[in-house]
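> With the input below, show me the fold.
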Amino acid sequence: MKRLCIALAILAASLYPLAAWDNHTQLSYLALEGEDLVAAKVKAESLGDFALSTQPELADLLLRLEAEARKDIPLYPARPEALAFAGPYADAGAARAAFIAAIRANPAVPFALYVQLQAGAPRPPRPDLPVTSADIYDNRVPNGPFQALAPGEEVAALEVLASASDEPDYGMDIGLFSDNKSPVAAAYGFGVQAFGNPALPYGSQAPFHMAFANESGLLKAAAPFTKVALSDWRFRLYSELSRFAFAEGHAYWGWRFAGWALHYLQDMAQPYHASVMPGKSSLGMLWLYAVQSQKARDDALVLLSNRHVVVEDYVYGAEAAYGRDAAATRLCSALRAGDSGLSAKDLAALAWRPGYLYGVVAKRAHDEGRRLDSLLLASFPATYVADPAFDYGVGNAGPNAAYKPWAALHASAPDKASALDAFMARILAEVGAETRIYIEWLTAR
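Numbering: from 1, shown residues only. Sure thing, here's the model as predicted:
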């Protein structure tokens, strides 16, 4: 058992820190386009002004949420007392810095006032905003340009929410563990990174954006890292901050915090974020790490990463072609309430209940993982999904990537594309429904 735990710890350190969806913003626009918030308008407000103007009540809220997290979330790393949002703070800059420290987010993130537009939407006469004014890693965001907002500028609530739903991938959860190289690594109290490679730029966000709550007890016993999950903490924290902001009359931050929370829900809706290795059973993983060679383990990790990135590229290709290509439009439209094809029984299974993030969203994604993995293996050339000698994330990365999964599969194997689209449409329909269910729950109280 000791040898197996060590081997699985190596897996934990090697898991690739991938985004669940390349473009949460467009997912959110499509999922919510028919909702009441489409017509709502709010006034942009800086994070510092929000924190300063609400500081006594905000301090009480954050104190309560910390106590609840310590009580209710297994293996939760308690916030150091020195980081408590206590005040009083003399100005917006001080209040902003204290708030970011209290929620333990990366202080290098600008938290600028901005929106991203829905694909194909008319562009209002706002100034463009450089990517680095929102994302601390230049050129990573595929769905720019960003548009800058001025404090007090009126903006659609849906634009705020949809834009914010992509924001946690812009560096908010990077560099926060004690073994990371960042100014806050030693101060935030998260301890050593449980999984994801801390040497990689995005490796440290993995424990915040992935969770393995639905793996078997056998696997959890052999691999304790599978019990560590911070997604639900972020989800709860930002949901409660959203409600607080609405109650205090700060609707802009009500919707922006809601978008942050929604990001974690949509992450957990992706099968490759809710399973350690979707293509293998618990016994298969234990066999791989207890019996098979190191080469076999290394190869399995490359294949896991390759299929994860391929499915992300595939969906992003469909989003990029939305409105111009019939098949892409059909697939992405599954996110919309009127086009989801979900039955009343389907929607009842996705209805809100306690423990929603892991008990409903992540469980559904986990259960669909093996089928998705099989479809990817059957659909794409072996070079990209079955050849461990080719690292897709390295060899087919960036704007000059040679292989475009969406366009290539539809051109070369339309029957396989149709089968994959049917399954992905089901997943996207569920993501859309879960997005709407969450927003309805959030705004009902």
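> mind listing the strands for the protein?
Using DSSP state E, the strands of the chain run over 41-43, 114-116, 128-129, 146-148, 154-156.
> closest one to residue 166 among those strands?
Within those, the stretch nearest residue 166 is strand 114-116; the backing value is 7.0 Å (Cβ to Cβ). Every residue, glycine included, has its C-beta placed from N, CA and C.
> Low-confidence ranges, the stretch 1-150 of the chain, go.
1-21, 38, 138-144 (pLDDT under 70).
> for the stretch 201-350 of the chain, what spans make up the helices?
206-209, 217-222, 231-247, 251-268, 271-274, 282-290, 294-321, 326-333, 344-349 (DSSP state H, counting those that start in this stretch).
> How far does the fourth one sit from its chain's centre?
Okay, so that is helix 251-268. On the basis of Cα atoms, centre = their mean, to the nearest Å, helix 251-268 sits 10 Å off its chain's mean C-alpha point.
> name the helices or strands packed onto that helix?
Packing partners of helix 251-268 (3 or more Cβ pairs under 8 Å, 6 or more residues apart in numbering; DSSP states H and E): helix 24-32, strand 41-43, helix 47-53, helix 157-164, helix 206-209, helix 231-247, helix 414-444.
> what pLDDT, on average, does the longest one get?
The average of the pLDDT scores along helix 414-444 is 96.
> Only the buried residues of it, if you could.
For helix 414-444, the neighbour count (16 or more other Cβ atoms under 10 Å) marks 417, 420-421, 423-439, 442-443 as buried.
> now the angle between helix 251-268 and that helix, please.
Angle, helix 414-444 to helix 251-268, by axes from the mean of the first three to the mean of the last three Cα atoms, to 10 degrees: 140 degrees.
> quick one, helix 414-444 and helix 231-247 angle?
Interaxial angle of helix 414-444 relative to helix 231-247 (the same axes, to 10 degrees): 50 degrees.
> quick one: low-confidence parts of the stretch 301-445 of the chain?
Using pLDDT under 70, the flagged stretches of the stretch 301-445 of the chain are 398-400, 445.
> Surely residue 181 touches residue 175?
Yes - with contacts counted by Cβ atoms under 8 Å, residue 181 reaches residue 175, the gap being 7.0 Å.
> Please tell me how far residue 171 sits from residue 309.
Remark: distance between residue 171 and residue 309 (Cβ to Cβ, to the nearest Å) = 20 Å.
> How about residue 22: what's its closest non-neighbour residue?
Spatially, and ignoring its direct neighbours in sequence, residue 22 is nearest to residue 316 (4.1 Å; Cβ to Cβ, 6 or more residues apart in numbering).
> What of residue 311?
residue 376 (6.1 Å).
> what's around the one you found, how many residues?
For residue 376, the neighbour count with other Cβ atoms under 10 Å is 25.
> Same check on residue 268?
Neighbours of residue 268 (other Cβ under 10 Å): 30.
> show me the contacts for it.
Counting by Cβ atoms under 8 Å, 6 or more residues apart in numbering, residue 268 makes contact with 20, 211, 231, 274, 357, 358, 361, 362, 365.
> Surely residue 173 and residue 205 touch.
Yes - contact status for residue 173 versus residue 205: in contact at 4.1 Å, counting by Cβ under 8 Å.
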